[in-house]
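Chemist: predicted model and sequence below, questions to follow.
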Amino acid sequence: MANTIIGEDKLVKTISEFKKSLKGNTISIHQKEYATVALRIAVARRVLGTSLTITTEIISIDKDTVVVKATGTIDGKVVATGHAEEKRTASRINQTSALENAETSAIGRMCSFLGITNDSIASAEEVSAAIEQQDKKIQKALSELKTISHAGSFNQWLTNYKTFLSTLKETNPLTYQSFMSEYTTIKSNLKSKGVIQ
């Protein structure tokens, strides 16, 4: 009779496959590599298939904060849980998607507690969001951009933040992507008002 992989052996195989899939699939933030939640889930699903059940539960939700719990079950046995809290005021994205972000973070943390991690409980998304909140320069740049009243001040803004944005793109690509999304919205608004062309 052939040996079948069950229980913990499935998890060991999943962790091994995850470690093999890291090369070229992580995001570098401040010279440290982080795996995304999407990568963690993709490997878990590829190896565990329907043996893995992921359930999420809203622990609390109000006008300011969302807390979500994720539970990972393999073959009917609870193996790990993860929690996440998101503030609706933490970012522009959280104003409309705090629940979704909390769910993703909770699942990422649960996967980390399963052992599907590259030595960091935090996912690339979580680290990027934390850095973005801590980085007052990003908020200052966006605030200044919103107050631009003519093309000259827009060009000066570009000059002032060129090096900063280049560094941000290199050291924290997820925060840069989020910044550029907001930048594009603000720039479009300035164009519609005739401030810039």
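Modeler: Nice, I can see it.

Chemist: tell me, how many residues neighbour Ile27?
Modeler: 18 (other Cβ atoms under 10 Å). Backbone N, C-alpha and C define where each C-beta goes, glycine included.

Chemist: how is it assigned, secondary-structure-wise?
Modeler: What DSSP: H, G, I helix; E, B strand; the rest coil gives for Ile27 is strand.

Chemist: that one pairs with what?
Modeler: With DSSP bridges applied, the residues forming beta bridges to Ile27 are Tyr34.

Chemist: is it true that it touches Thr175?
Modeler: No. Ile27 is beyond contact range of Thr175, at 10.4 Å (criterion: Cβ atoms under 8 Å).

Chemist: what about the closest residue to Phe18 other than its chain neighbours, which helix or strand?
Modeler: Setting aside the residues directly before and after it, Phe18 is nearest to Val43 in space (Cβ to Cβ, 6 or more residues apart in numbering), at 4.4 Å. In this assignment (DSSP states H and E), Val43 forms part of helix 37-48.

Chemist: buried stuff in stretch 59-76?
Modeler: 66-72, 74 (16 or more other Cβ atoms under 10 Å).

Chemist: what of stretch 42-58?
Modeler: For stretch 42-58, by 16+ other Cβ under 10 Å, it's 43-44, 47-48, 51-52, 54, 56.

Chemist: among the residues you listed, which one sits closest to Ser143?
Modeler: Thr56 (34.5 Å; Cβ to Cβ).

Chemist: for that closest one, helix, strand, or coil?
Modeler: Strictly by three-state DSSP, Thr56 counts as strand.

Chemist: again, but for the one 10 residues further on
Modeler: The three-state assignment at Val66 reads strand, by three-state DSSP.

Chemist: picking that back up, who's in contact with the helix holding Val43?
Modeler: Helix 37-48 is contacted from outside by 10-11, 13-14, 17-18, 21-22, 25-26, 52, 54, 74, 104-105, 107-108, 111-112, 114, 116-117, 123, 125, using Cβ atoms under 8 Å, 6 or more residues apart in numbering.
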